[in-house]
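Peer 1: only geometry, no sequence info:
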């Protein structure tokens, strides 16, 4: 298979669908929120001033669901899905390295988080990858946020690696101002960035893999 086709199947497959899903669903939620907000204001204008607050209170739940609750569910689940897809692609990449006999190590025999087997396998395959660059470090932070969402319902207090997580989400302005407890509040922009970062990381990985394959082919026979 040509590298371009292989790259598109391995790297872009799934990411494009996730990106389109995010864009389409965000637009739908915004459209409903805008329409409902306009309807509420129009109806309230027709009421005596003393009845308007009560009217908003009676009808605000539907608006808030589309304006606040559904976007939070969408973005949280999007991040979990995007990183699950990355997990799968890292596993598939390991299997590809094994098929090409670039590594001997078994993934299951390498202790540590999901990152450690991947890093070890890439180093064993002699791929020219840097695991200290900003792309890799940012992805590691994404997993901190993901773990908080999955294991602590998005609440920052009590989350694993709480201090590191708090510093990151505060820096990225991803903390809700509308809840009593500090809670993860992802933005559409952040989710779009997640896809771009994952794509950039996978591009570097597969390009390094392709370069190593070419180097192997050019080695003189022993």
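Peer 2: Cool, got the structure. Quick caveat, the model's predicted, so the values are computed rather than measured.

Peer 1: how near is the residue lying farthest from the centre of the chain to residue 155?
Peer 2: Each residue of the chain has a distance to the centre, and by C-alpha atoms, centre = their mean the biggest one is for residue 48: 47.2 Å. In this structure, residue 48 and residue 155 are 42 Å apart, going by C-beta to C-beta, to the nearest Å. In this view, the C-beta of every residue, glycine as well, is placed from N, C-alpha and C.

Peer 1: Tell me which residue is most central in the chain.
Peer 2: Closest-to-mean residue, the chain, C-alpha atoms, centre = their mean: residue 79 / 3.6 Å.

Peer 1: Residue 147 is in contact with that one, correct?
Peer 2: No. The pair formed by residue 79 and residue 147 falls short of the contact definition of C-beta atoms under 8 Å, at 10.5 Å.

Peer 1: Any idea which helix or strand in the protein has the lowest mean pLDDT?
Peer 2: For the chain, counting by mean pLDDT, DSSP states H and E, helix 3-7 ranks last in confidence among helices and strands (a mean of 62).

Peer 1: what's the next secondary structure element after it?
Peer 2: helix 15-45 (DSSP states H and E).

Peer 1: what's the spacing between that next one and its chain's center?
Peer 2: Between the centre of helix 15-45 and the centre of its chain there are 21 Å (C-alpha atoms, centre = their mean, to the nearest Å).
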